[in-house]
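Participant: Sequence isn't available, so here's the structure alone:
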């Protein structure tokens with residue numbers, strides 16, 4: 001559930017403001033079917049939330065089918081559309097409902113995709129850097145988390161535990177949230193079930209909680225200390241070292257020493273054992289030295305796990321672009337990147353470019369991203385852009401006119417094959433590498449100071465946007 005295909009520059013923008021509704025205004029009428037044995041996730045969530053609806057403003061009536069009629073007369077019947085609109089209407093009267101909808105455009109645009117997740121592949125990695133599903137900035141569960149909770153796990157913790165520590169931690173947090181909505185006492189897992197996390201940059205990594213073991217009760221009482229009979233001494237056990245060195249005469253002969261009394265080791269045996277230990281230590285040191293040199297040679301320069309050659313960035317041309325029918329920040333595009341057929345890609349560029357400015361435009365496309373649906377649109381890739389620190393200005397980066405469509409861009413000194421799509425997603429390669437992908441003082445795209453070129457020309461941000469982040 002990563003959102004790499006969507007332009008990440010919108011993630012810090014504020015949500016649109018809304019005017020609070022009068023406390024007695026009718027907001028909508030909800031026709032809600034009863035819970036069946038396996039109800040759809042949106043229906044289960046609506047039943048969970050219905051006791052908390054603003055009294056008199058959302059009227060709930062039992063019905064065979066789900067629908068919502070808003071005050072202006074608009075009728076909705078799609079389950080996900082009904083759920084999100086009910087939460088939006090409730091937030092007009094009760095600000096607490098606003099927390100169920102992610103505050104950033106990227107998070108809001110992707111809520112629906114979490115209701116359609118069919119398997120848990122990549123979910124543990126997705127939750128490694130965030131507390132909740134939709135966006136890293138979410139302070140609590142949203143509709144995206146409730147959708148995953150019911151549609152993927154059915155409210156059963158056993159299924160979540162099998163998916164990894166991050167999923168277990170996330171599931172427990174959502175389960176507590178659900179329990180509180182139901183008015184039940186929140187169940188908290190035992191200490192030994194709580195996953196432990198290490199956040200890079202902290203001075204001390206936390207250690208796993210250790211469960212204290214209570215000493216077993218002595219049901220038989222204290223044992224009486226055995227006292228040897230008078231005149232007899234208690235036989236003492238031989239020291240461990242003496243036991244270790246005891247050998248039979250036959251063993252002494254086998255190791256090359258003279259057959260002596262039991263328990264004695266000859267000088268020849270001692271010398272042979274010392275020589276054997278020295279040879280073993282030398283072989284181990286040699287092996288370690290060779291292995292260390294090989295590992296250093298295999299690791300990219302600078303100690304980074306990945307470099308810019310891990311990304312498959314190609315020159316593309318937007319064949320056509322149009323506005324997404326339901327996501328106000330998105331353009332849908334068909335882009336030629338030199339493959340058999342154009343790629344469909346969604347970009348959050350509507351606040352920055354007019355639709356006519358997007359037509360027949362040359363761009364750079366990050367191609368080794370996994371395909372995914374963004375608000376119902378199948379997107380496979382990402383258009384690279386430069387943006388300022390507060391993301392109020394966004395400019396497309398453009399290759400030279402001499403660059404061929406489908407040509408992979410170059411960074412001198414970083415020639416290598418790109419990583420496969422599944423590894424880019426699993427290892428978060430783009431997130432790691434893109435930290436150093438910027439524009440310099442001249443507006444040229446650089447990675448760690450190395451200029452990006454294509455077709456013999458330098459790739460630049462439109463308008464020469466300098467000192468900007470590229471993503």
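Facilitator: Great, that's in hand. These figures come from a predicted structure and were not determined experimentally.
Participant: and residue 438, helix, strand or coil?
Facilitator: Here residue 438 is recorded as strand under DSSP: H, G, I helix; E, B strand; the rest coil.
Participant: What residues does it make contact with?
Facilitator: 386, 445, 446, 447, 467, 468, 469, 470 (Cβ atoms under 8 Å, 6 or more residues apart in numbering). C-beta: built from backbone N, CA, C; applies to glycine.
Participant: mind checking the SS state of the residue nearest to the spatial centre of the chain?
Facilitator: With distances taken as Cα atoms, centre = their mean, residue 126 lies nearest the centre of the chain, 1.8 Å away. Secondary structure for residue 126, judged by three-state DSSP, is helix.
Participant: Show the backbone phi and psi for residue 380.
Facilitator: Backbone torsions of residue 380, given as degrees, to the nearest 10, read phi -140, psi 80.
Participant: Now do the residue nearest to the centre of the chain against residue 143, distance only.
Facilitator: 17 Å (Cβ to Cβ, to the nearest Å).
Participant: count of residues packed around residue 161?
Facilitator: 15 (other Cβ atoms under 10 Å).
Participant: and what of residue 450?
Facilitator: Neighbourhood size, residue 450 [other Cβ under 10 Å]: 16.
Participant: Could you do residue 177 as well?
Facilitator: Neighbours around residue 177, by other Cβ under 10 Å: 18.
Participant: Equivalent analysis for residue 50, please.
Facilitator: 13.
Participant: Also residue 53?
Facilitator: 21.
Participant: for residue 356, same thing?
Facilitator: 8.
Participant: again, but for residue 362
Facilitator: Residues near residue 362, counting by other Cβ under 10 Å: 16.
Participant: Correct me if wrong: it contacts residue 335.
Facilitator: No. If you go by Cβ atoms under 8 Å, residue 362 and residue 335 don't touch, sitting 10.1 Å apart.
Participant: what sits in contact with each of those two?
Facilitator: Residues touching both residue 362 and residue 335 (Cβ under 8 Å, 6+ apart): 316, 317.
Participant: List the buried residues of the strand of greatest length in the chain.
Facilitator: Assignment by DSSP state E gives strand 313-323 as the longest strand of the chain. Using 16 or more other Cβ atoms under 10 Å as the test for burial, strand 313-323 gives 313, 314, 315, 316, 317, 318, 321.
Participant: and what of stretch 418-437?
Facilitator: Neighbour-count burial for stretch 418-437 [16+ other Cβ under 10 Å]: 418-419, 421, 424-426, 428-430, 433-434, 436-437.
Participant: And these, which is closest to residue 344?
Facilitator: residue 421 (15.4 Å; Cβ to Cβ).
Participant: Surely the closest one touches residue 368?
Facilitator: Yes. Judged on Cβ under 8 Å, residue 421 makes contact with residue 368 at a distance of 5.1 Å.
Participant: Perfect, I'm done here.
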